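K.L.:
Dropping a prediction and its sequence here:
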Amino acid sequence: MKWSKSTFAILYLAIIYLVGIVGILLPIHPEFIRLTPLNLLVSLVTVLLFHPAWQPKSVLTLVVFFVLGFFAEVFGVHTGLLFGEYYYEDVLGWKLWDTPIMIGVNWMLLGYCCGVTINHLLPRWTWWQKGPVAAALMVFLDFFIEPVAIAYNFWEWPGGVVPLQNYFGWYLVSLPLLLLFAYLQGQIRNKVAVALLLMQFVFFAVLRWF
């Protein structure tokens, strides 16, 4: 059986995430946690290598994801009005205005993967139907991310409790981004992006429960 390049890419990412799970759950986890920024970059680059149709609107969508996602976090960190009161530790690397630059990459990666996944699942839906569902999918993933982020010092909430406001804030920011994606990229397919999103769910679910 001849494997496609996308199959090899999915296997490659699966190995990375499996090694990450094992490494974090073992006592050597501090070293593995420091690799989080590299993992985000490798994941993003691998997914985008399989983007099927690069056009100016493709680049525009990704830039908007990064810029709006990053500055939403800057606003959130400094005001507490969007997501609630929280602050970032040093796990995600270099910061600008107390906000890791890599958090913009995270918004870009998750937004792209959620948007593409909904394209696969609901191909006949209109852009204004896809956007809200994709945003809800992104918020659903955050339910798995938050406990892990707290446990491994990605960011901190007062008292270690994630406010409901955080999830409303995520949806508020995600919705216009994913409406834009559905409008400009509503026909895009990328099996690697769908697989990576599934890996993200498995990764954070395992770390949350173990």
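P.N.:
Structure's in. What do you need? Residues are numbered from 1 along each chain as shown.
K.L.:
Only C-alpha atoms from now on, for both contacts and neighbour counts.
P.N.:
OK.
K.L.:
Tell me, what's the model's pLDDT at Ala53?
P.N.:
Ala53 carries a pLDDT score of 88 in this model.
K.L.:
what about it, which helix or strand?
P.N.:
Using DSSP states H and E, Ala53 sits within no helix or strand.
K.L.:
OK, contacts around it?
P.N.:
Counting by Cα atoms under 8 Å, 6 or more residues apart in numbering, Ala53 touches Ile188.
K.L.:
any idea how far it is from Ala136?
P.N.:
Distance, Ala53 to Ala136, by Cα to Cα, to the nearest Å: 26 Å.
K.L.:
Please apply the same query to Phe201.
P.N.:
14 Å.
K.L.:
sec struct for the residue nearest the centre of the chain, please.
P.N.:
For the chain, Leu110 is the residue whose C-alpha lies nearest the centre (Cα atoms, centre = their mean; 2.8 Å). Secondary structure for Leu110, judged by DSSP: H, G, I helix; E, B strand; the rest coil, is helix.
K.L.:
all helices of this structure, in order?
P.N.:
Listed in chain order, the helices of the chain (DSSP state H) span 5-25, 29-33, 36-48, 56-79, 102-121, 127-151, 164-185, 191-209.
K.L.:
pLDDT below threshold where in this protein?
P.N.:
1-2, 27-29 (pLDDT under 70).
K.L.:
how close does the residue nearest to the centre of the chain sit to Ala135?
P.N.:
The value you get for Leu110 to Ala135, if Cα to Cα is used, is 10 Å.
K.L.:
cool, Glu146 as well?
P.N.:
16 Å.
K.L.:
Looking at those two, which has the bigger crowd around it?
P.N.:
Ranked by neighbour count (other Cα atoms under 10 Å), Glu146 and Ala135 place Ala135 first, with 25 against 20.
K.L.:
Could you pull up the contacting residues of that one?
P.N.:
Contacts of Ala135 (Cα under 8 Å, 6+ apart): 114, 171, 174-175, 178.
K.L.:
do Gln165 as well
P.N.:
Gln165 touches 82-84, counting by Cα under 8 Å, 6+ apart.
K.L.:
For these, which single residue is the most surrounded?
P.N.:
Neighbour max across the contacts of Gln165 (other Cα under 10 Å) = Phe83, 23 neighbours.
K.L.:
Excluding chain neighbours, what is closest to that residue?
P.N.:
Distances taken as Cα to Cα, 6 or more residues apart in numbering put Asn166 closest to Phe83, at 3.9 Å, once the chain neighbours are dropped.
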